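Asks: have a look; sequence and predicted model below, questions after that.
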Amino acid sequence: MSNSFIEDNDQTRARRERLEAIRSIVGNVYPNKFERSRVTGFEDTITAIIQKFKDGEPQVSEGARPAPEELERINAELNRISVRTSGRIATPPRVMGKAAFVHLSDGVSRLQIYVKKTDVRAVNNDTDTLIDEEGKGWELFNLLDHGDFIGVEGYLFVTRTGELSVHVRELQFLSKALLPMPDKVHGIADPEIRQRQRYADLIAGSLKVEREAGEMTPREIFELRSKVIREMRRFLDEHGYVEVETPMLTPLATGAAAKPFETYHNALGIPLYARIAPELYLKRLLVGGFEKVYELNRNFRNEGIGYRWNPEFTMLEFYCAYMDANGMMDFCEELLQTVLERVTGNRFIFRDAGNFQVSTHFARLSMKQAIAEAWAHNPFSALLGQDVDEEWLDDAFNAHTLAVFLRRASAENSMVDDEESEGLETDAETMEDYWHLAEEEAERALEEAGDAAETQAAQDIVEIFEKLVESSLIQPTFITDFPKPISPLSKASPFDPTVAERFELFIRGMEIANGFSELNDPVEQRERFLEQMRERERGDEEAMVLDEDYIRALSYGMPPAAGIGIGIDRLVMILTGKHTIREVILFPHMRPERKAKESEEREVEEG
């Protein structure tokens, strides 16, 4: 009998037939449990046994065999140790007449087992007793497939090649792999299959025999992710922060500029939104008397999917009373340096082609300063003979001209971020035309903007930065002094009221963190919200909505404070050298899987 979830072919049919044969021997082919021994002092997983007894293997050069007298001495000790362990059959069995070797895996380590026809006995899973009938253990072993789960009991020994092994006396069947295992040499090459079927990806990583230098298995990636999260919590706890939990479903979609996921609460009769950020709730806690709080949880944004974006992502967000953005940048540096050292053992990131140094102070540039420096090294600068500095960018007309020019030029020419100017000289006339057209558009846009001119200028600066600078920020760099109109929750800089005391941290061309000095004036905050509402009326769907309860909370008084959000997914991308966020999320969101039949039908229709 075939199942829709299992492809019907010679291999799967053979596995189902062997499952039925196993059932006739052991009864229940999916037993409820298997108890492992505790010889190692802990549960005897394969990894625990390897770690405890691997040092007992004789030390010989590659290709050489240990001396017989040394084997005899080692095995005299090991043969007295009996273990019960379990795992997945990691390699097809090597049967040699009336005996066989095979490796078991617990997903991390492998341990060789030795099965001898005259020694092994099978366990009846219905009665949990040994089967007396002679030869049933060997018969059971010969029905096993690559990928099956088994439990074994036996004594330790070292083979003549010097490998730690278990001489199996009892064999218990635990679960059948009805589908063939991935290729043990190449693993799973198709990234979509790896990401869509993470279980298969994890299996493939544990079974893969050869890996390139520095290559991480999928399990190692996600274990590193777990360590990063654990060490971030540890660091914040050590510095007096209190972990809290705030609502995942909120009556207002606010706290960040993003489109929300919407649902409906039947009992309350109200719409609710999957939270886009916990910020306003965490700052309510500052009002209530908590001075240091953090939350590590999921945020949801109903936006595009890309190599840096997933609709559901993990964010660490924390707030500290009596601190400003400058203090928060210092603290962020210390946190990342400490976490990196605790997780990897050093303060350098060697993965990928880059060598990211986080042992010294991160660079700090204002947004306009970063734009000016990037433009000076851009081929369009020399091509047009146009100088750009911070003062030039203060002019809204100039900013809009440059934004429109880059928009046009980047659509026409892919070399915006390339320092090489080869091939652009022939396009000088076209680029000059683009510049003049951009100037004309800037005049019209500023006339039409009216009251929104300041917001338009702020958006232009951010657009220029994203097109011209962002991808070039490889080493850890704080970008500061964001335009105030696009930072509605941030205080203005005490030195320049037109910019927010806000920063973003970039590493490897990606935003990793966003923080600022928190606005705590309820009157100004309400006006900022109202301006955001006016932006929504002008068509900006991501502008924030007015949160009257948050204004009421601020009216009780909130101390000066700084806050930050750090993207865990992107940070793990950097630490593991991965180029897509899907590789560091266990189960990323993907487009619905297209069935083979539908694909074939479409091909026929289009043929």
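Replies: In hand now; what should we look at?
Asks: list the buried ones in the longest strand anywhere in the chain?
Replies: Identified as the longest strand of the chain according to DSSP state E is strand 164-175. By 16 or more other CB atoms under 10 Å, the buried positions in strand 164-175 come out as 164-175. To be clear about C-beta, it is placed using only N, CA and C from the backbone, and glycine gets the same treatment.
Asks: contacts for the helix or strand that that strand is followed by, please.
Replies: As assigned by DSSP states H and E, the chain's next helix or strand after strand 164-175 is helix 191-196. Contacts of helix 191-196 from elsewhere in the structure, counted by CB atoms under 8 Å, 6 or more residues apart in numbering, are 188, 200-201, 204, 218, 580, 582-583, 588, 590, 593.
Asks: hmm, 10 Å instead?
Replies: 182, 187-188, 190, 200-202, 204-205, 218, 580-583, 585-591, 593 (CB atoms under 10 Å, 6 or more residues apart in numbering).
Asks: show me the protein divided up by domain.
Replies: 10-175, 224-362+475-590, 368-458 (automatic domain parsing).
Asks: out of those domains, the one nearest Val469 is which?
Replies: domain 368-458 (4.5 Å; CB to CB).
Asks: what residues sit buried inside the helix or strand where His436 lies?
Replies: Using DSSP H and E, His436 sits within helix 428-449. Across helix 428-449, burial judged by 16+ other CB under 10 Å covers 431, 434-435, 438, 441-442, 445-446, 449.
Asks: and if you look at stretch 89-104?
Replies: For stretch 89-104, the neighbour count (16+ other CB under 10 Å) marks 89-91, 93, 100-104 as buried.
Asks: and for stretch 532-541?
Replies: 532, 535, 540.
Asks: ok, the second one - contacts?
Replies: In this case it means Glu535. 257, 452, 455, 459, 485-486, 488, 541-544.
Asks: which residues does the helix or strand harbouring Ala76 contact?
Replies: Secondary-structure assignment from DSSP H and E places Ala76 in helix 68-78. Counting by CB under 10 Å, 6+ apart, helix 68-78 makes contact with 53, 56-60, 65-67, 155-160, 162, 164-167, all of which sit outside it.
Asks: tell me the angle it makes with strand 164-175.
Replies: Inter-element angle recorded for helix 68-78 and strand 164-175: 50 degrees (by axes from the mean of the first three to the mean of the last three CA atoms, to 10 degrees).
Asks: so where is this structure shaky, pLDDT-wise?
Replies: 1-4, 185, 347-360, 411-427, 595-607 (pLDDT under 70).
Asks: neighbours around Pro379, how many?
Replies: Residues lying near Pro379 (other CB atoms under 10 Å) number 20.
Asks: was I right about it contacting Gln386?
Replies: No: contact between Pro379 and Gln386 fails when scored by CB atoms under 10 Å: they sit 12.0 Å apart.
Asks: wait, Ile113 sits on Ile89?
Replies: Yes: in this structure Ile113 lies within contact range of Ile89 using CB under 10 Å: 9.2 Å.
Asks: shared neighbours of these two, which are they?
Replies: Common contacts of Ile113 and Ile89 (CB under 10 Å, 6+ apart): 102-104, 150.
Asks: distance to Tyr550 for those residues - can I get that in a markdown table?
Replies: Putting the shared contacts of Ile113 and Ile89 into a markdown table (distance: CB to CB, whole Å) gives the following:
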| residue | distance to Tyr550 |
| --- | --- |
| Val102 | 62 |
| His103 | 58 |
| Leu104 | 56 |
| Ile150 | 58 |
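Asks: now Asn398: how far from Trp392?
Replies: 5 Å (CB to CB, to the nearest Å).
Asks: do the same with Leu296
Replies: Counting by CB to CB, the gap from Leu296 to Trp392 is 42 Å.
Asks: may I have the secondary structure class of the nearest residue to Val388 once chain neighbours are set aside?
Replies: Distances taken as CB to CB, 6 or more residues apart in numbering place Trp375 nearest to Val388, at 4.3 Å, with adjacent residues excluded. Here Trp375 is recorded as helix under DSSP: H, G, I helix; E, B strand; the rest coil.
Asks: residues near Trp375, how many?
Replies: Residues near Trp375, counting by other CB under 10 Å: 21.
Asks: ok, the one 5 residues further on next?
Replies: Phe380 has 23 neighbouring residues, counting by other CB under 10 Å.
Asks: pretty sure it contacts Gln386?
Replies: Yes: applying CB under 10 Å as the test, Phe380 and Gln386 come out as touching, 7.8 Å apart.
Asks: shared neighbours of these two, anything?
Replies: Contact criterion CB under 10 Å, 6+ apart; residues shared by Phe380 and Gln386: 402, 405, 435.
Asks: so what's the last one up against?
Replies: For Trp435, the set of contacting residues under the criterion of CB under 10 Å, 6+ apart consists of 380, 383-384, 386, 401-402, 404-405, 408-409.
Asks: quick check: PyMOL command selecting the buried ones in those.
Replies: Paste this into PyMOL to select the buried members of these, with burial taken from 16+ other CB under 10 Å:
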select buried, resi 380+383+384+386+401+402+404+405+408+409
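Asks: would you list the phi and psi of the residue nearest to Asp496 when sequence neighbours are not counted?
Replies: In space, and not counting its chain neighbours, Asp496 is closest to Asp481: 7.1 Å by CB to CB, 6+ apart. Phi and psi for Asp481, reported as degrees, to the nearest 10, are phi 60, psi 60.
Asks: one more: Leu336?
Replies: Here is the backbone geometry of Leu336 (degrees, to the nearest 10): phi -70, psi -40.
Asks: likewise for Pro522?
Replies: phi -60, psi -30.
Asks: with Ile566 instead?
Replies: Dihedral angles (degrees, to the nearest 10) for Ile566: phi -120, psi 130.
Asks: mind listing what's buried in stretch 47-64?
Replies: Those would be 47-50, 52-53, 57-58, for stretch 47-64 by 16+ other CB under 10 Å.
Asks: rewinding a little: Met248: which of the buried residues of stretch 89-104 is nearest?
Replies: When the buried residues of stretch 89-104 are compared for distance to Met248 (CB to CB), Ala90 comes out closest, at 39.4 Å.
Asks: what is the burial count for the closest residue to the closest one other than its chain neighbours?
Replies: Setting aside the residues directly before and after it, Ala90 is nearest to Ser105 in space (CB to CB, 6+ apart), at 3.8 Å. Using other CB under 10 Å, Ser105 has 19 other residues around it.
Asks: pretty sure Ser105 sits against Gly87.
Replies: Yes: Ser105 lies in contact with Gly87 (CB under 10 Å); the separation is 5.3 Å.
Asks: ok, Phe503 to Ala403 distance?
Replies: Phe503 is 22 Å from Ala403, by CB to CB.
Asks: please produce a markdown table containing the buried residues of stretch 47-64, extended by distance to Leu236 and secondary structure.
Replies: As requested, the buried residues of stretch 47-64 are exported to a markdown table (distance: CB to CB, whole Å; DSSP: H, G, I helix; E, B strand; the rest coil):
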| residue | distance to Leu236 | secondary structure |
| --- | --- | --- |
| Thr47 | 30 | helix |
| Ala48 | 31 | helix |
| Ile49 | 36 | helix |
| Ile50 | 34 | helix |
| Lys52 | 35 | helix |
| Phe53 | 39 | helix |
| Glu57 | 42 | coil |
| Pro58 | 47 | coil |
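Asks: tabulate those residues in a markdown table, adding columns for distance to Ile131.
Replies: Listed next are the buried residues of stretch 47-64 as a markdown table, based on distance: CB to CB, whole Å:
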| residue | distance to Ile131 |
| --- | --- |
| Thr47 | 30 |
| Ala48 | 28 |
| Ile49 | 26 |
| Ile50 | 30 |
| Lys52 | 31 |
| Phe53 | 29 |
| Glu57 | 33 |
| Pro58 | 36 |
